[in-house]
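>>> Next come a sequence and a model predicted from it.
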Amino acid sequence: MSRKIQTLTIQKESSNWTDAYSALSELREDIERCSAYQNGILYESDEVERTVELNIETQTITEVKTWSTDTYNSHRSLVGDYEASIQSELEGIGWYIADSTIDG
């Protein structure tokens, strides 16, 4: 089975998180407030394997998702039209998100 491995590096100015899931919860809330937000855009599938880590000193979250290629492509077709606008709004309120995806 072909796979995609997506690595997200996430930070927010003036954050003081104690665990990665609090940070991701805050990110989810901010995404849902974006004007370009669409229902279903925060796709979570049982088919996606995830690991999440928080470096408390640097306040950097690293999330690695391993997708089947078909599931990843479906996700990309859903978010493609909205992603740039949402990222721009998030950057405006202090978020930094880098996304790297490789074949795995």
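Alright, I've got the coordinates. Residues are numbered from 1 along each chain as shown.
>>> Excluding sequence neighbours, find me the nearest residue to the residue nearest to the spatial centre of the chain.
Centroid check for the chain by Cα atoms, centre = their mean gives residue 8 as the closest residue, at 5.9 Å. Spatial nearest neighbour of residue 8, excluding adjacent residues (Cβ to Cβ, 6 or more residues apart in numbering): residue 63 at 4.4 Å. Backbone N, C-alpha and C define where each C-beta goes, glycine included.
>>> what sits against residue 104?
3-5, 66 (Cβ atoms under 8 Å, 6 or more residues apart in numbering).
>>> Got the confidence number for the nearest residue to residue 18 once chain neighbours are set aside?
Leaving aside its sequence neighbours, residue 18 sits nearest to residue 56 (Cβ to Cβ, 6+ apart; 7.1 Å). Here the pLDDT value assigned to residue 56 is 96.
>>> cool, the one 5 residues further on as well?
Looking at residue 61, its pLDDT stands at 97.
>>> Okay, buried residues for the one helix or strand it maps to please.
Using DSSP states H and E, residue 61 sits in strand 60-68. Within strand 60-68, the residues that qualify as buried are 60-61, 63, 65-68, counting by 16 or more other Cβ atoms under 10 Å.
>>> Tabulate the CA atom coordinates of the helix or strand hosting residue 73 in PDB.
Using DSSP H and E, residue 73 maps to helix 69-79. Only the C-alpha atoms of helix 69-79 are listed here, as PDB (Å, rounded to 0.1, in the frame of the first residue of the first chain):
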ATOM      1  CA  THR A  69      -2.300   7.800  -0.400                       C
ATOM      2  CA  ASP A  70      -6.000   7.600  -1.200                       C
ATOM      3  CA  THR A  71      -7.000   9.000   2.200                       C
ATOM      4  CA  TYR A  72      -4.400  11.800   1.900                       C
ATOM      5  CA  ASN A  73      -5.500  12.700  -1.600                       C
ATOM      6  CA  SER A  74      -9.200  12.900  -0.400                       C
ATOM      7  CA  HIS A  75      -8.100  15.100   2.400                       C
ATOM      8  CA  ARG A  76      -6.100  17.400   0.100                       C
ATOM      9  CA  SER A  77      -9.000  17.800  -2.300                       C
ATOM     10  CA  LEU A  78     -11.200  18.900   0.600                       C
ATOM     11  CA  VAL A  79      -8.800  21.500   2.100                       C
END
